[in-house]
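[1] sequence and predicted model, in that order:
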Protein chains: 2
Amino acid sequence: MTLTAAHETATSYDLGPARALSCRECGHEVPLAAEFACPRCFGPLEVAYDFPNVTRASIEAGPKSIWRYKDLLPVPTTVAEHPNTEPGLTRLIQADRLAAALGVRKLWVKDDTGNPTHSFKDRVVAVALAAARELGFTVLCCPSTGNLANAVAAAAARAGWDSVVLIPSSLEQAKITTTAVYGGTLLAVDGNYDDVNRLATELAAEHEEWAFVNVNVRPYYAEGSKTLGYEVAEQLGWRLPQQIVVPVASGSQLTKVDKGFQEFGKLGLVEPTPYTVFGAQATGCSPVATAFEAGHDVIQPVKPDTIARSLAIGNPADGPYVLDSVRRTGGSVGHVTDAEVVEGIRLLAQTEGVFAETAGGVTVATAKKLIEAGKIDPDAETVLLITGDGLKTLDAVSGEVGPTATVPSTSKAVREALAHLA
Amino acid sequence: MTLTAAHETATSYDLGPARALSCRECGHEVPLAAEFACPRCFGPLEVAYDFPNVTRASIEAGPKSIWRYKDLLPVPTTVAEHPNTEPGLTRLIQADRLAAALGVRKLWVKDDTGNPTHSFKDRVVAVALAAARELGFTVLCCPSTGNLANAVAAAAARAGWDSVVLIPSSLEQAKITTTAVYGGTLLAVDGNYDDVNRLATELAAEHEEWAFVNVNVRPYYAEGSKTLGYEVAEQLGWRLPQQIVVPVASGSQLTKVDKGFQEFGKLGLVEPTPYTVFGAQATGCSPVATAFEAGHDVIQPVKPDTIARSLAIGNPADGPYVLDSVRRTGGSVGHVTDAEVVEGIRLLAQTEGVFAETAGGVTVATAKKLIEAGKIDPDAETVLLITGDGLKTLDAVSGEVGPTATVPSTSKAVREALAHLA
């Protein structure tokens, strides 16, 4: 029996500590491969590990990127030697002014806009590329409406890989430009994101050398989000925060941050102190919040209608696991209107000098609402994950902010305007 | 005599290793204060230091930001304890694909788009803010047309300071939004950048609590650019590169990178190996390149006309010092057309996944030209400084790049389009 099991999960790939793919539903294990659904129950597969001995010192001696955690990720041991975008180790800033504005004792902002293409997607794409290379793929692909398209096109360019990115043709010019500039194949499809996603899944089945990061190598890709949890813990001085607020699109990120915290505890890198995970959604796409509030285990899909387009996934694959994480840790999932999203963006910018995309506005505004509702403990330390950049969603605020005054070019006019403002 | 000299430069400010302000022309020293012009000859003042003992280990043990070099900057020893944007320690990536495209042996890209507001200005503003606080200022100000406005407004927001930013009212909506979102006073002036600059200088004289980062605290502000040189040397493994290409606007950055390399050598942090500094300008604003080519010591001001607006300073204050650095190290100053700038942006994005603003396109394209002209040695290692983000100058490339194809939302159409591309 033991022999059979060992054989079943044997692999010739160097994917570091990754041991097998394990079904999140039935626990069945399959060897490491480009698979994403359990052959027995069709449940989602995730990476299972045999971790080596990892110490704080060994991590601290590593690169100033996510590769400092390579011994905890499904990537080859030589990952840092291949050209990659070197994402991660973004700022964790103590946010005293935002804390005061929100009425909490201690707050931190994890600012992932510092990544190479200015969103957390660089983390997951870097892990996907490294695993894809080892699995024998040669083309990096995705369906996307924004951040992921940027990250895939940039990572492929840097690695010297071809890329195929599928987007809805209705996408804003700016998002097309910020992907097209990296070269590669950019297919604009006359359809919505669901259409693009469906076409991507078909193409993944037809082209065995194409790695669609969020489809056929999704189990590896998703693990990249663990590094957000690792970094928060390391940057807090090797300890877990008491509370963390994470935006929810597919829900993958929230579950992986939770997984990262748990792994650090189990590995003895931090004290396994209790923590609470909160999810944040836009009201216009809040299927997970709705299920949470109703006490359901199943997510009812919705048709998204929100300015927070990077979170606009109406049928979130990891929604049920978000509910598990949040309920297990005593948290909750909140949601906010588009007007509150804009207020959240402005509040964060004006108190901490961090200009977030709409998803960041969702996180800040949801935190505010959960504090006001007494769900987030104002006396416990809280971390907010800011996962994307305001420069990519300028339209959300461009009608709301502008010059304080416009004046003629004379000293007198400037003095008068300033006196009026004082 | 010694007593008088000591008295003359005595100060009660804690500005770390800064000892005095020293005239770059006549060498006269004045005590640390908010001064920028020599009282004897009106030459520009710069910071003079008495450096403490600094080691590689002491730097490596410091914060993952420019404050790891605080013992070499004119900032209080407690600088990291005050809320600030924590800029710096951005990626230095080995750029093998760009090297191959340019026909050189070894190339590195210093990607300063990873800073909090995505340009190197966060470095200089952070140093200016720290010095300004110690000097007794309470409001952070600047005239600007873009990157500096973003950095000042964000840094002031984070610090809880008021800010006053002056911009030409003709500025693009995107640049207005990305400054206004941080709050503070944003005055749009119906005039050009020269008008705005003049008004700023007047206001600096009238408001003793207003620190105009690039006017009355300029000597401190400018020192922030040394950290680009420090980081390159540290990230290369504590050694100097053989060649470096730096974009030239006022010219300050180039001279400070040079100063940083020299300081590291003198302090024994690196071997003081020879290096060559190259300057890069847009042809439409190339007064330093023109003076270099003509063998002049004096810069003839020009009226800028280039898409590289962040480099469009027609009368560069540090131009003569750029000529000194470049000539002393055996380098040169090149310039490129706007069409070449766009090609430079695209080449960098397509080979290394780094999307630079127009200034970055100037750097890449000038490097290409200087390699072709035999001025940059293709067998010597070269570093390119990429100092700002393509997301801020989308217009430069938006007419040049776009989808590879636009197709109906059917598998057949996608397959045909891909077959056609293959």
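    Here it is on my side, so go on.

[2] helices of the stretch 201-350 of chain A, residue ranges please.
    For the stretch 201-350 of chain A, helices defined by DSSP state H, counting those that start in this stretch occupy the ranges A:218-223, A:226-235, A:252-266, A:287-294, A:319-329, A:338-352.

[3] which elements pack onto the fourth one?
    Spelled out, it's helix A:287-294. Under the contact criterion of 3 or more CB pairs under 8 Å, 6 or more residues apart in numbering or on different chains; DSSP states H and E, helix A:287-294 touches strand A:276-282, helix A:319-329, strand A:333-336. The C-beta positions use only the backbone N, C-alpha and C, and glycine is treated the same way.

[4] please apply the same query to the shortest one.
    Under the contact definition 3+ CB pairs under 8 Å, 6+ apart, helix A:218-223 sits against strand A:45-49, helix A:121-135, helix A:252-266.

[5] likewise for the third one?
    The elements that helix A:252-266 packs onto, with contact taken as 3+ CB pairs under 8 Å, 6+ apart, are helix A:218-223, helix A:226-235, strand A:243-247, strand A:276-282, helix A:319-329.

[6] can you list the buried residues in that helix?
    A:252-265 (16 or more other CB atoms under 10 Å in any protein chain shown).

[7] check stretch A:238-251 too.
    A:239-251.

[8] let me have the residues you listed in a markdown table, extended by distance to chain B and pLDDT.
    Converted to a markdown table, the buried residues of stretch A:238-251 look like this (distance: CB to the nearest CB, whole Å; pLDDT from 0 to 100):
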| residue | distance to chain B | pLDDT |
| --- | --- | --- |
| A:239 | 18 | 98 |
| A:240 | 20 | 98 |
| A:241 | 18 | 98 |
| A:242 | 22 | 98 |
| A:243 | 21 | 98 |
| A:244 | 20 | 98 |
| A:245 | 20 | 98 |
| A:246 | 21 | 98 |
| A:247 | 19 | 98 |
| A:248 | 24 | 98 |
| A:249 | 21 | 95 |
| A:250 | 22 | 94 |
| A:251 | 26 | 97 |
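
[9] all strands of chain A, in order?
    For chain A, the strands defined by DSSP state E cover A:18-23, A:29-30, A:45-49, A:91-94, A:107-111, A:139-143, A:162-168, A:185-190, A:210-212, A:243-247, A:276-282, A:333-336, A:382-386, A:405-408.

[10] okay, now the sheet partners of the last one, with direction.
    Each strand that strand A:405-408 pairs with, and the sense of that pairing, follows from DSSP bridges: strand B:185-190 (parallel).

[11] now the partner strand against strand B:162-168, angle please.
    Put simply, strand B:185-190 runs at 20 degrees to strand B:162-168, going by axes from the mean of the first three to the mean of the last three CA atoms, to 10 degrees.

[12] and strand B:185-190, what's its mean pLDDT?
    Average pLDDT, strand B:185-190: 96.

[13] distance-wise, check the residue lying farthest from the centre of chain A relative to residue A:377.
    Computed with CA atoms, centre = their mean, the maximum C-alpha offset from the centroid of chain A is found at residue A:412, amounting to 49.9 Å. As defined by CB to CB, to the nearest Å, residue A:412 lies at a distance of 53 Å from residue A:377.

[14] swap in residue A:83?
    44 Å.

[15] which one is residue A:64 nearest to, not counting chain neighbours?
    The spatially closest residue to residue A:64, leaving aside those adjacent along the chain, is residue A:89, at 5.0 Å (CB to CB, 6 or more residues apart in numbering or on different chains).

[16] pLDDT wise, what is the residue in the stretch 1-150 of chain A that chain B sits nearest to at?
    Using CB to the nearest CB, residue A:114 is the residue of the stretch 1-150 of chain A that sits closest to chain B, at 5.0 Å. pLDDT, residue A:114: 97.

[17] quick one: low-confidence residue ranges for chain A.
    Low-confidence segments of chain A (pLDDT under 70): A:1-11, A:422.

[18] pretty sure residue A:241 is touching residue A:383, no?
    Yes. Taking contacts as CB atoms under 8 Å, residue A:241 lies within contact range of residue A:383: 4.5 Å.

[19] any common contacting residues for these two?
    Residues within reach of residue A:241 and of residue A:383 at once, by CB atoms under 8 Å, 6 or more residues apart in numbering or on different chains, are A:108, A:232.

[20] was I right about residue A:130 contacting residue A:86?
    No. With contact defined as CB under 8 Å, residue A:130 does not count as touching residue A:86 (11.7 Å).

[21] more neighbours: which of the two?
    Between residue A:130 and residue A:86, residue A:130 has the larger neighbour count (other CB atoms under 10 Å in any protein chain shown), namely 27 against 23.

[22] so what's that one up against?
    So residue A:130 contacts A:75, A:76, A:79, A:82, A:84, A:220 (CB under 8 Å, 6+ apart).

[23] what does the stretch 201-350 of chain A have sitting close to chain B?
    Contact residues (CB under 8 Å from any CB of the partner chain) of the stretch 201-350 of chain A with chain B: A:202, A:203, A:206, A:345, A:346, A:349, A:350.

[24] what is the burial count for the last one?
    Around residue A:350 there are 22 other residues, counting by other CB under 10 Å.

[25] just name the most buried of the helices of the stretch 201-350 of chain A.
    helix A:218-223 (a mean of 27; mean count of other CB atoms under 10 Å in any protein chain shown).

[26] export that one as PDB, just CAs?
    C-alpha atoms of helix A:218-223 as PDB (Å, rounded to 0.1, in the frame of the first residue of the first chain):
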ATOM      1  CA  ARG A 218      -3.700  27.300 -11.400                       C
ATOM      2  CA  PRO A 219      -2.600  25.200  -8.400                       C
ATOM      3  CA  TYR A 220       0.900  26.500  -8.700                       C
ATOM      4  CA  TYR A 221      -0.100  30.000  -9.600                       C
ATOM      5  CA  ALA A 222      -2.400  30.300  -6.600                       C
ATOM      6  CA  GLU A 223       0.400  29.400  -4.200                       C
END
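
[27] domain assignment for chain A?
    A:2-49, A:91-118+A:223-398, A:138-216 (automatic domain parsing).

[28] so for residue B:356, which of those domains sits nearest?
    domain A:138-216 (9.7 Å; CB to CB).

[29] distance from the chain centre to that closest one, please.
    17 Å (CA atoms, centre = their mean, to the nearest Å).

[30] could you do stretch A:398-407 as well?
    For stretch A:398-407 - counting by CA atoms, centre = their mean - the centre lies 32 Å from the chain centre.

[31] and the end-to-end length of that stretch?
    20 Å (CA to CA, to the nearest Å).

[32] in stretch A:129-147, what's buried?
    Within stretch A:129-147, judged by 16+ other CB under 10 Å, the buried ones are A:129-135, A:137, A:139-147.

[33] actually stretch A:267-275, not the one I wrote
    By neighbour count, with 16+ other CB under 10 Å as the criterion, the buried positions of stretch A:267-275 are A:267, A:269, A:270, A:275.
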